[in-house]
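Student: Sequence first, predicted coordinates after that:
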Amino acid sequence: MEPRISLVTLGVDDLERAIRFYEHCLGLPRLKTPPSVAFFELGRTWLALWPRESLAADAGLSPAGSGFRGFSLAHNVRSPAEVDALLAHAARFGATVVKPGHATDWGGYSGYFADPDGFLWEVAHNPDFPHV
């Protein structure tokens, strides 16, 4: 297997709300797609938003579930000020700031928000991370 992730699909409760958040709050470039799904191109990886029930049915699983999902998505920025600004911006678009920006024990600065469907995002400034 080649080392890469081609697509991350989030099962969302309200597709239109999720599209607004990812397109207008985070500024992700939306691709032309049918009305039942939304794709955003992020370099070589795509983010897909699909109704939770549809994603669960496609996988043959129950759509029930809540609480911590056991993973987070992460976005690295160039400075601690950008961490705080993005957390505040996401909150204005309906995200919940789960953990405000703070100095970390690994020498960086990070905070967390949950999108309107509860998906956890870390926003971090890591002075040693090469991909920003």
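Tutor: Done, it's in.

Student: Which residue ranges of the chain form strands?
Tutor: Counting by DSSP state E, the segments of the chain that form strands are 7-12, 38-42, 45-51, 73-76, 96-103, 109-114, 120-125.

Student: Which residues lie in contact with residue 69 in this structure?
Tutor: Contacts for residue 69 (C-beta atoms under 8 Å, 6 or more residues apart in numbering) come out as 118, 119, 120. Glycine gets a C-beta too; all of them are placed from N, C-alpha and C.

Student: Kindly state the domain boundaries assigned to this protein.
Tutor: The chain breaks down into these domains under automatic domain parsing: 7-52, 73-125.

Student: chain center to the shortest one, what's the gap?
Tutor: A distance of 10 Å separates the C-alpha centroid of domain 7-52 from that of its chain, computed with C-alpha atoms, centre = their mean, to the nearest Å.

Student: What of the longest one?
Tutor: Between the centre of domain 73-125 and the centre of its host chain there is 10 Å, according to C-alpha atoms, centre = their mean.

Student: Could I get the average pLDDT for that domain?
Tutor: The average pLDDT within domain 73-125 is 94.

Student: do stretch 18-25 as well
Tutor: 97.

Student: Return it as PDB; C-alpha atoms alone will do.
Tutor: Backbone C-alpha positions of stretch 18-25 (Å, rounded to 0.1, in the frame of the first residue of the first chain) are rendered in PDB as follows:
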ATOM      1  CA  ALA A  18     -21.900  21.400   7.600                       C
ATOM      2  CA  ILE A  19     -21.300  22.700   4.000                       C
ATOM      3  CA  ARG A  20     -21.700  26.300   5.300                       C
ATOM      4  CA  PHE A  21     -19.300  25.700   8.100                       C
ATOM      5  CA  TYR A  22     -16.500  24.100   6.000                       C
ATOM      6  CA  GLU A  23     -17.000  26.400   3.000                       C
ATOM      7  CA  HIS A  24     -17.600  29.700   4.700                       C
ATOM      8  CA  CYS A  25     -15.900  29.400   8.100                       C
END
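
Student: quick one: buried residues of stretch 55-73?
Tutor: Judged by neighbour count (16 or more other C-beta atoms under 10 Å), stretch 55-73 contains these buried residues: 55, 56.

Student: hmm, back to that, now, among the contacts of residue 69, which is nearest to residue 86?
Tutor: The closest of these to residue 86 turns out to be residue 120 (C-beta to C-beta; 14.2 Å).
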